[in-house]
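A.B. asks: Okay, predicted coordinates and the sequence, questions at the end:
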Amino acid sequence: MEREREDYAVELQDLTVAYDAKPVLWDIDLKIPQGKLMAVVGPNGAGKTTLIKAMLGLLRPVSGAVRFLNGNDNGGDLRSLKNRIGYVPQSGSVDWDFPATVQDVVLMGCYGKLGWIRRPRKADLALARQTLQKVGMAEYASRQISQLSGGQQQRVFLARALVQEAEVYFMDEPFKGVDAQTEKAIVLLLKELKEQGKTVVVVHHDLQTVANYFDWVTLINLRVVASGPVEEVFHEENVQKTYRSTGKLLRSTV
C-alpha cells in the first residue's frame, strides 16, 4: 500500500550555517507540517534567529536546502514563493526613525503583490485599515512609527505581515519587550492564523508559555534536539538536553 505523502510548510535538509567559518547551525534536518503554530526555543546563542534568517534567505548557508509548501503544486524555493512568506523581524533590528506613518508601514506588506511602482489600490487601503483595527492600532494610522511605544510598534509590524496574506509566517521574538495586553493580543492573532490553516514559526524565549501558546515546538542548540507536537517532545529531558551546555540550572518548566 502506497504511503500518503505528508504536506510540509517548510522542509530543511542538511542545513549548515557559519559566521566567519565558525558553524552556528550544524546539519539541520527539519520538517514543519502545514497549519502548525510552532515555537523555536533554545538558549542564547543556540542559533534560533540564524535558523529563521537562513530559512528566509537572509543568510546564505554553507550547505543544505530549504523548500516551502511541498504539498502544493506550486511549492518550491523561496524565490518562487516569496509573496507567500511573511516575516516579522526582531524589533531591535528595525530602524524606528525611518520617516513613515503607521499606515505606510502596513502598506509595505502589499508591495509583494503590487511591486514598488504601483500605488496601493482602494482594496489595499481597506485591508490595511481592517488589519490595523484587528491589532488595535487603527487610531494611530497617521502617526509616525517613531512616536509609538515598543508594544505598539510590534503590533504595526505584525499588521504589515498580515496584509501580505501569506501562507507561512516567521516571527522573531514577537513578545520581546511588549506589555501583557499586547502579548495577549498577539497570541490571539497567532491562533487565528492557525485556524485559517496558516503556518506560523515563532522564535520564543519563555519556556513557561510554550505549552499554552503553541502546538508544535523545535528545541535547538546548534543542532535540532527535538521537534514535534508540544505534548510529545516538550518535556524535562529534552529541555535539559537543549540548555545543558549553558551551565544554567533549570527549574521545572514543563
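C.D. replies: All right, it came through fine. If you're wondering where the values come from, they're calculated on a predicted model, not measured in any experiment.

A.B. asks: From here on, just use CA atoms for contacts and neighbour counts.
C.D. replies: OK.

A.B. asks: Can you give me the first-to-last residue distance of stretch 139-154?
C.D. replies: Stretch 139-154 has an end-to-end distance of 15 Å (CA to CA, to the nearest Å).

A.B. asks: pLDDT averaged over it - what is it?
C.D. replies: For stretch 139-154, mean pLDDT is 89.

A.B. asks: Buried residues, that stretch. List them.
C.D. replies: Neighbour-count burial for stretch 139-154 flags 140-141, 144-146, 150-154 (criterion: 16 or more other CA atoms under 10 Å).

A.B. asks: got it, and stretch 186-203?
C.D. replies: 186-187, 189-191, 193-194, 198-203.

A.B. asks: Of those residues, which is the nearest to residue 128?
C.D. replies: Nearest to residue 128 among the buried residues of stretch 186-203 is residue 189, at 15.4 Å by CA to CA.

A.B. asks: elements contacting the strand or helix carrying that closest one?
C.D. replies: Taking DSSP states H and E as the criterion, residue 189 maps to helix 180-195. Counting contacts by 3 or more CA pairs under 8 Å, 6 or more residues apart in numbering; DSSP states H and E, helix 180-195 packs against strand 37-41, helix 150-163, strand 199-203.

A.B. asks: tell me which of the buried residues of stretch 139-154 is nearest to residue 225?
C.D. replies: residue 154 (29.7 Å).

A.B. asks: what's near enough to touch the closest one?
C.D. replies: Contact analysis of residue 154 by CA atoms under 8 Å, 6 or more residues apart in numbering lists 91, 174, 178.

A.B. asks: Mind doing that once more with 10 Å?
C.D. replies: Residues near residue 154 by CA atoms under 10 Å, 6 or more residues apart in numbering: 88-91, 135, 148, 160, 174-178, 182-183, 186.

A.B. asks: buried residues in the helix or strand hosting residue 241?
C.D. replies: Assigned by DSSP H and E, residue 241 belongs to helix 236-243. For helix 236-243, burial by neighbour count (16+ other CA under 10 Å) applies to 238-239, 242-243.

A.B. asks: CSV for these, including distance to residue 121 and pLDDT?
C.D. replies: Formatted as CSV, these follow (distance: CA to CA, whole Å; pLDDT from 0 to 100):
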residue, distance to residue 121, pLDDT
238, 49, 96
239, 48, 95
242, 48, 95
243, 49, 92
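
A.B. asks: now the residues you listed as TSV including distance to residue 124?
C.D. replies: Below are the buried residues of helix 236-243 laid out as TSV (distance: CA to CA, whole Å):
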residue	distance to residue 124
238	45
239	44
242	43
243	44
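
A.B. asks: which of these lies closest to residue 227?
C.D. replies: Nearest to residue 227 among the buried residues of helix 236-243, with distances taken as CA to CA, is residue 238, at 9.8 Å.

A.B. asks: ok now do the closest one, which residues does it touch?
C.D. replies: 219-220, 225-227, 244.

A.B. asks: how about a cut-off of 7 Å?
C.D. replies: 225-226 (CA atoms under 7 Å, 6 or more residues apart in numbering).

A.B. asks: So the closest residue in space to residue 41 that isn't next to it in sequence versus residue 211, what's the distance?
C.D. replies: Among residues not flanking residue 41 along the chain, residue 219 sits closest, at 5.0 Å (CA to CA, 6 or more residues apart in numbering). Per CA to CA, residue 219 is found 13 Å from residue 211.

A.B. asks: Which one's more surrounded, these two?
C.D. replies: Neighbour tally, residue 219 and residue 211, criterion other CA atoms under 10 Å: the higher count belongs to residue 219, 25 against 17.

A.B. asks: beta partners for the more buried one?
C.D. replies: residue 41, residue 226 (DSSP bridges).
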